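*Asks:* let's see this in three dimensions:
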Amino acid sequence: MKNLKFLIVGFGSIGKRHYDNLVNLSYEVYVYSYRKNKDPNNVNEGIKFVNDLENAIEKVNAVIICNSTEKHLEVALLAASKGKHIFVEKPLSHNLNNLKNLEKKLKSNKIIFASGFMLRKHPNLIFIKELIRKRELGKIYYANASIGQDLRKWRKNYDYTKGYAANSETGGGVTLDLIHEIDLINWLIGEAEIIFALLGFNKELNINTESISNISIKTYGDIICNIQLDYLCPVLKRKLEIVGEKGIVNWDFKTNIVSFTNKEDHTKVLHNLEKDFERNIMYLEEMKDFIEKIKFNSFDLSQFNDACNALKIAIGAKLSFKNESLIYNKDIKIN
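*Replies:* This is a model prediction of the structure:
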């Protein structure tokens with residue numbers, strides 16, 4: 001079905017990445033760009049820009065939602081009401097409102113839904129997922145996931161204080177912004193039953209959102225996990241540690257190495273990639289999966305449910321800090 005047509009909504013860095021990947025896969029792609037409408041000098045030769053969002057949605061098969069977080073659900077609901085397949089970048093939204101409405105539309109129109117958790121396509125993490133499935137670690141006791149990078153270094157020639165990260169109303173703050181690690185724990189270890197969080201607000205960054213988020217959860221499988229997210233680490237750090245009865249698995253995003261330390265304290269590399277591993281492969285693979293589901297009409301709500309679960313933990317973490325209390329997953333209701 002090479003005649004599939006896609007609409008990219010939002011043309012920031014991630015929107016441009018999805019655009020390039022879809023074009024390279026030989027699909028027809030249209031773009032609704034909020035920035036282009038504001039900046040007449042933003043001209044990209046050959047790109048099919050559209051000005052009428054609703055009319056553009058009518059003419060395509062699927063909508064790729066890459067606009068600011070607080071607008072995700074608005075566009076998703078519009079696309080779903082017209083029976084269009086939907087890919088939403090992370091996080092699904094900035095709150096839990098209208099998720100039931102979207103779920104209802106997905107079900108009634110049998111809409112294919114995908115979410116942008118590209119780490120699930122990282123070969124190292126797929127390998128770890130298989131280790132866990134085969135119970136190679138035995139019983140898992142606890143896990144730690146962390147990511148940190150100085151927000152000021154994320155993009156060149158960009159005023160981060162005016163971007164989404166600096167504004168809680170647009171879904172900013174490290175808890176939602178770096179939600180990949182929350183999803184990673186859900187995917188590898190299991191869904192949270194209890195959530196507790198401490199948030200840090202760093203004046204040095206001059207933003208009104210949290211710059212540090214330390215989230216502790218206990219899964220329904222009685223596994224303790226800690227998730228640490230920050231906008232402050234001087235150099236990029238992204239790591240995962242899983243401790244089980246047979247040993248410890250460590251993953252380092254920067255080296256693309258999965259190592260295992262056994263009970264005798266001997267460490268060996270279990271899985272590694274070339275240091276120049278092209279991270280775009282993850283984005284390309286998640287888009288290929290979305291397209292395959294469309295082609296074969298493979299309707300299911302698994303990715304929608306996963307996106308909701310990650311969002312619930314992020315919102316639960318914020319509530320935990322605000323209320324200075326434990327938050328139980330069962331008490332967090334999507335609306």
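
*Asks:* could you list the low-confidence segments of the protein?
*Replies:* Across the chain, the stretches falling below the confidence threshold (pLDDT under 70) are 1-2, 36-45.

*Asks:* switch the cut-off to 90
*Replies:* Under the criterion of pLDDT under 90, the regions of the chain flagged as low confidence span 1-3, 34-46, 153-172, 274-276.

*Asks:* what ranges do the helices span in it?
*Replies:* For the chain, the helices defined by DSSP state H occupy 13-24, 34-38, 53-58, 72-81, 99-109, 123-133, 174-177, 180-188, 280-295, 302-323.

*Asks:* summarise which helices and strands the fifth one is packed against.
*Replies:* Taking 3 or more CB pairs under 8 Å, 6 or more residues apart in numbering; DSSP states H and E as the contact definition, the neighbouring helices and strands of helix 99-109 are helix 72-81, helix 302-323. All C-beta spots, glycine's among them, are computed from the backbone N, C-alpha and C.

*Asks:* in it, what counts as buried?
*Replies:* Under the neighbour-count criterion of 16 or more other CB atoms under 10 Å, helix 99-109 has 99, 101-103, 105-106 buried.

*Asks:* contact partners for residue 5?
*Replies:* Shown here is residue 5, whose contacts under the criterion CB atoms under 8 Å, 6 or more residues apart in numbering are 27-30, 59-62.

*Asks:* surely residue 319 touches residue 329?
*Replies:* No: Residue 319 is beyond contact range of residue 329, at 11.4 Å (criterion: CB atoms under 8 Å).

*Asks:* what about the two, which has more around it?
*Replies:* Applying other CB atoms under 10 Å to residue 319 and residue 329 shows that residue 329 carries more neighbours, namely 18 against 15.

*Asks:* and the gap between the more buried one and residue 92?
*Replies:* From residue 329 over to residue 92 the distance is 16 Å, taken as CB to CB, to the nearest Å.

*Asks:* try residue 335
*Replies:* Computed as CB to CB, the residue 335 to residue 92 distance reads 13 Å.

*Asks:* for those two, work out which one has more neighbours and name it.
*Replies:* residue 92 (32 against 9).

*Asks:* hmm, residue 312 and the more buried one touching each other?
*Replies:* No: the criterion here is CB under 8 Å, and residue 92 misses it with residue 312 at 9.8 Å.

*Asks:* residue contacts, the residue nearest to residue 240 when sequence neighbours are not counted?
*Replies:* With sequence-adjacent residues excluded and distances taken as CB to CB, 6 or more residues apart in numbering, residue 240 is closest to residue 251, at 4.3 Å. Contact partners of residue 251, counting by CB under 8 Å, 6+ apart, are 124-125, 128, 239-241, 257-259.

*Asks:* ok, the residues you listed vs residue 278, which is closest?
*Replies:* Each of these was checked against residue 278 using CB to CB; the closest is residue 124, at 13.8 Å.

*Asks:* OK, contacts around the closest one?
*Replies:* Contacts of residue 124 were listed using CB under 8 Å, 6+ apart, and they are 251, 256-258, 271-273.
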